[in-house]
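*Asks:* I would like to see how this sequence folds:
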Amino acid sequence: MVALTETRDRKTIFRHTKIIATLGPATDSDEVMERLIDVGIDLVRLNFSHSSYADNEWRIRTLRRLSETKHHEVGVIGDLQGAKIRIGAFKEGIVNLVTGEQFCIDTDLPLNQGDRNSVGVTYRDMANNVSTGDTLLVDDGRIVLEVTEVSGSRIFTQVVMGGELASSKGINRKGGGLAADALTDKDRQDILDSVKLDIDYLAVSFPCSARDVRLARELFVEAGGNGGIIAKIERSEALDTIDEILEECDAIMIGRGDLGVEIGDAEVPGLQKLLIDRAHAKNRTAITATQMMESMTHSPIPTRAEVSDVANAVLDGTDAVMLSGETAIGRYPVQAVKAMHRTCMASERRVFNSMSEQRLDIQCSRVDEAIAMSAMYAANHLGVAAIAALTESGSTVLWMSRINSAIPIYALTRHPKTLRRVTLYKGVYPAPMETMSKSHAEVNQEAIDVLLRCRVVFEDDLVIITKGDLIGVDGGTNALKIVRVGHLIEPD
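*Replies:* Prediction:
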């Protein structure tokens, strides 16, 4: 029901930053899946680039069966492959490119006919979009090629930085500008499959503009989908229209691998901070991803640099941190989650050691938003132990989560979809609660009972309850009540 906790004396300390684990062959057993839940994952990611519908159906069915048994809600993100531009396959499997030698990318060459001299590419119009002098980065920049000539379908290059190159690796142009359509035929089928799988979030890979994100949402809704849209910020073009993209999505994922290749790795840390701040200003959530604890794919402990990377993301205010290959194909998926958890917990002690002054000067446009901001102000200045927010869609707790606070926010709702959706919101914990056919006094008392069962409050603690006069109405939160645990709760 809640993220993993620590207990110090009487007080329970909650992890506010959410952890996303990518599922894959390394997690494909009841035992591993159960242990991931036990160590506190909040969401899982299904990478549609490397999994079949049958694989994902089993994973979601198993996850939800186990999470229901353990009373621990886990959200599901379906991650579209997107139009990542890749080289073709080499007949030998791997070739060695020697620095200083020539290498050709041929858009007309069949994708399975590559050799040490040339290779095909998935982007058939690439020759029309590069020029002499351009720098091409292959395999996350491990191979560097300089374009020396473009003739018809063939792009002639000189190897600036060589090495072993395997089939189907990604290719970018330094500075960006290579952009195929954001949604491929495979993505469109995966959107239909996502609806059948009842995912909670759909992640759109390599969008260049708000239009790409809007199209994905339209296709998702038309297919019957009912979930949030995550825009993965991986291309330099997306940075030019980030505010428009934020208007169209519910969250962003900072994909630091491809983004770092396009804009330069030294630019990524500062940009990470900027994107998190922009997302929060627009009431969107931010996920920090890629290579966070990559060494744990093969090692039982992270490097100190990886721990610092995760810690800095938390200090930047990220809502969630994500593991990819570490859990999907790694040897130590459970240990990777544990390492990320303890790093988040230690960093949050730094984040929450002072009173937040965020958003004191904003003008609210909705009553429920004003209630959410008032609740956070009162909680931070009154010594409140917890907030119980009765919610239909989760919008009230989203606004609350935009304010840095050590005070846990409980989203109390009767809707399973909302319970899973709020798993992405920093500092928000889902708890099922039926509110229909109850008086306001009964609802208030049941909210307190939920917090007592979760061991988040004790006798005489102060609790804030937010709800609407018309219980069960979406967007109707208009009331804030402060109560003391164990004392008679009067009707509103």
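*Asks:* where in the stretch 1-150 of the chain is pLDDT low?
*Replies:* 1-12 (pLDDT under 70).
*Asks:* residue boundaries of the helices in it?
*Replies:* 30-38, 53-70 (DSSP state H, counting those that start in this stretch).
*Asks:* Mind putting the ones you listed into a markdown table with distance to residue 304 and mean neighbour count?
*Replies:* In short, each C-beta sits where N, CA and C put it, glycine included. Formatted as a markdown table, these follow (distance: least, Cβ to Cβ, whole Å; neighbours: other Cβ atoms under 10 Å):
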| stretch | distance to residue 304 | mean neighbour count |
| --- | --- | --- |
| helix 30-38 | 24 | 17 |
| helix 53-70 | 32 | 16 |
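*Asks:* Can I get these in CSV including distance to residue 425?
*Replies:* Compiled in CSV, the helices of the stretch 1-150 of the chain are given as follows (distance: least, Cβ to Cβ, whole Å):
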stretch, distance to residue 425
helix 30-38, 19
helix 53-70, 17
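*Asks:* just so I know, which of these lies nearest residue 293?
*Replies:* Counting by Cβ to Cβ, residue 293 lies closest to helix 30-38 out of the helices of the stretch 1-150 of the chain; the figure is 14.5 Å.
*Asks:* Next, the angle from that closest one to helix 53-70.
*Replies:* Going by axes from the mean of the first three to the mean of the last three Cα atoms, to 10 degrees, helix 30-38 is angled at 60 degrees with respect to helix 53-70.
*Asks:* helices and strands around helix 30-38, which ones?
*Replies:* Counting contacts by 3 or more Cβ pairs under 8 Å, 6 or more residues apart in numbering; DSSP states H and E, helix 30-38 is packed against helix 53-70, helix 333-351.
*Asks:* Now the helix or strand hosting residue 239: buried residues?
*Replies:* According to DSSP states H and E, residue 239 maps onto helix 236-240. Within helix 236-240, the residues that qualify as buried are 236, 237, 238, 239, counting by 16 or more other Cβ atoms under 10 Å.
*Asks:* helices or strands up against that helix?
*Replies:* helix 256-263.
*Asks:* Which helix or strand lies directly C-terminal to the helix it packs on?
*Replies:* Once helix 256-263 ends, the next helix or strand along the chain (criterion: DSSP H and E) is helix 268-281.
*Asks:* Need the residues that contact the helix or strand following that following helix.
*Replies:* Sequence-wise, the next helix or strand downstream of helix 268-281 (DSSP H and E) is strand 285-289. With contact meaning Cβ atoms under 8 Å, 6 or more residues apart in numbering, strand 285-289 is reached by 20, 230, 250-256, 272, 275-276, 279-280, 313, 316-322, 324, 398, 401, 424-426.
*Asks:* from what I can see residue 134 touches residue 171, true?
*Replies:* No: between residue 134 and residue 171 there is no contact under Cβ atoms under 8 Å: 11.5 Å.
*Asks:* These two: which has the busier surroundings?
*Replies:* residue 171 (22 against 19; other Cβ atoms under 10 Å).
*Asks:* partner residues bridging that one?
*Replies:* Beta-bridge partners for residue 171, by DSSP bridges, are residue 138.
*Asks:* what pLDDT does it get?
*Replies:* With respect to pLDDT, residue 171 scores 91.
*Asks:* Let me see the contact set for it.
*Replies:* 85, 86, 87, 105, 121, 136, 137, 138, 178.
*Asks:* and the nearest residue to the fourth one once chain neighbours are set aside, how many residues sit next to it?
*Replies:* With Cβ to Cβ, 6 or more residues apart in numbering as the criterion, residue 105 has its nearest non-adjacent residue at 4.3 Å, and that residue is residue 155. Using other Cβ under 10 Å as the criterion, residue 155 is surrounded by 26 other residues.
*Asks:* any idea how far the residue nearest to the spatial centre of the chain lies from residue 418?
*Replies:* Nearest to the geometric centre of the chain sits residue 287, at 4.0 Å (Cα atoms, centre = their mean). Per Cβ to Cβ, to the nearest Å, residue 287 is found 19 Å from residue 418.
*Asks:* Kindly report the same for residue 164.
*Replies:* For residue 164, the distance to residue 418 - Cβ to Cβ - is 48 Å.
*Asks:* before we move on, what about residue 194?
*Replies:* 18 Å.
*Asks:* Just the buried positions in stretch 442-451, please.
*Replies:* 443, 444, 446, 447, 448, 450, 451.
*Asks:* no no, stretch 109-127
*Replies:* So, applying 16+ other Cβ under 10 Å, buried residues of stretch 109-127: 109, 114, 116, 118, 119, 120, 121, 122, 123, 126, 127.
*Asks:* mind giving me a markdown table with those and columns for distance to residue 302?
*Replies:* Below are the buried residues of stretch 109-127 laid out as a markdown table (distance: Cβ to Cβ, whole Å):
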| residue | distance to residue 302 |
| --- | --- |
| 109 | 41 |
| 114 | 35 |
| 116 | 36 |
| 118 | 40 |
| 119 | 35 |
| 120 | 37 |
| 121 | 35 |
| 122 | 34 |
| 123 | 35 |
| 126 | 37 |
| 127 | 42 |
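*Asks:* Now, the residues you listed that are in strands?
*Replies:* Among the buried residues of stretch 109-127, the members falling in strands (DSSP state E) are 118, 119.
*Asks:* Which pair in the buried residues of stretch 109-127 has the greatest spatial separation?
*Replies:* Maximum pairwise distance among the buried residues of stretch 109-127 (Cβ to Cβ): 21.4 Å, between 116 and 123.
*Asks:* sorry, back to before: my read is that the residue nearest to residue 105 contacts residue 104, right?
*Replies:* Yes: between residue 155 and residue 104 a contact is recorded at 6.8 Å, counting by Cβ under 8 Å.
*Asks:* what touches both of the two?
*Replies:* With the criterion set as Cβ under 8 Å, 6+ apart, the contacts of residue 155 and residue 104 do not overlap.
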